[in-house]
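S.K.: Next come a sequence and a model predicted from it.
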Amino acid sequence: MAKRVIDVLLVDDHALVRSGFRRMLEDEDDIRIVGEASDGHQAVTMATSVRPDVVVMDFALPSMNGAVATRRILAANPAVKVLILSMHAEAAYVRTCLDAGARAYLLKNAMDLELVDAVRQVFLGEQVLDPRLGVIGPGETRSLSTRELEVLQLIVHGKSNKDIAVMLSLSVNTVSVHRANIMQALEMHNTAELVVYAIRQGLVSIA
C-alpha cells in the first residue's frame, strides 16, 4: 500500500528559509508542499484555502506571532497539526505555543534539525519537543485569549488604544477592556512592566 502523502504549508517571513525547508521536505516521497506564507495573517488565510495536514511555522512572524496564528488556524480547522520552529529555547515560549495548540516545537538554530521526522510524527498525532528544551512545566498565570494576545502584541509595539482599535476593527472601549483584562491576568500594574514581562515570557514576537 502506498504511503499517505502529507500536505505541508510552510510559514516563515524569510524566503530563503522557506526555500531551504521546501528542498529538505520535498526530497521525501511522502511529503508535498501545498503552499507558503510569509506572515501570520497570510498563514491563517492559506491554511483555510489549501487545508494542509501540517503547518510548519516560525514563531517570530511579523504582525501576528506563531502562537496567535496557531490558535486561529485550529479554530478554523482543528484537524491541522502545527509544528513551531523558533530561535527561543525558553520554556515560556514553548508553553505559549503548546497552550495555543501546537503539536511540536523545534529550535531553528539546530544543525541537526530533524524536520522531516518531526513532520511525520506530528501528522500521526504525536507531540514532538526539541530535546534541548528541557522540562516544560505549567505556566503561573492564565493563558491569554487569541484576541488578548493580538492586543498585547500591538501594545508591545507601542500602539495606542486608538491605533489598536483601528488595526483590529474594534472600539476603543473594547481595546481598553482587553488591556485591563491582560494587566489583571498577568498581574501587571503598568504598561512598561507589561511590555518587559510579555517579551521575557515569550507571549509576543518582537520581530
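M.R.: Received it, and whenever you're ready, just let me know what you need.

S.K.: which residues in the protein form strands?
M.R.: Under the criterion DSSP state E, strands of the chain are mapped to 6-11, 31-37, 54-58, 81-86, 104-107, 128-129.

S.K.: can I get the ones you listed in JSON lines with mean pLDDT?
M.R.: Written out in JSON lines, the entries for the strands of the chain read as follows (pLDDT from 0 to 100):
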{"stretch": "strand 6-11", "mean pLDDT": "95"}
{"stretch": "strand 31-37", "mean pLDDT": "94"}
{"stretch": "strand 54-58", "mean pLDDT": "95"}
{"stretch": "strand 81-86", "mean pLDDT": "94"}
{"stretch": "strand 104-107", "mean pLDDT": "92"}
{"stretch": "strand 128-129", "mean pLDDT": "90"}
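
S.K.: any chance of these in a markdown table, plus mean neighbour count and distance to Glu148?
M.R.: Just so you know, the C-beta spots here come from the backbone N, C-alpha and C atoms, and that holds for glycine as well. As requested, the strands of the chain are exported to a markdown table (neighbours: other Cβ atoms under 10 Å; distance: least, Cβ to Cβ, whole Å):
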| stretch | mean neighbour count | distance to Glu148 |
| --- | --- | --- |
| strand 6-11 | 24 | 22 |
| strand 31-37 | 19 | 23 |
| strand 54-58 | 27 | 20 |
| strand 81-86 | 26 | 19 |
| strand 104-107 | 22 | 21 |
| strand 128-129 | 18 | 25 |
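
S.K.: Please tell me how far the spatially most central residue of the chain sits from Asp99.
M.R.: Closest to where the C-alpha atoms of the chain average out (Cα atoms, centre = their mean) is Gly66, at 1.7 Å. Distance, Gly66 to Asp99, using Cβ to Cβ, to the nearest Å: 12 Å.

S.K.: same check, this time on Ala79
M.R.: Relative to Asp99, Ala79 is positioned 19 Å away (Cβ to Cβ).

S.K.: So the two - more neighbours on which side?
M.R.: Asp99 (17 against 7; other Cβ atoms under 10 Å).

S.K.: circling back to that earlier point, so how far is Leu194 from the residue nearest to the centre of the chain?
M.R.: 21 Å.

S.K.: Based on its surroundings, how many neighbours for Phe59?
M.R.: Applying other Cβ under 10 Å, we find 25 residues neighbouring Phe59.
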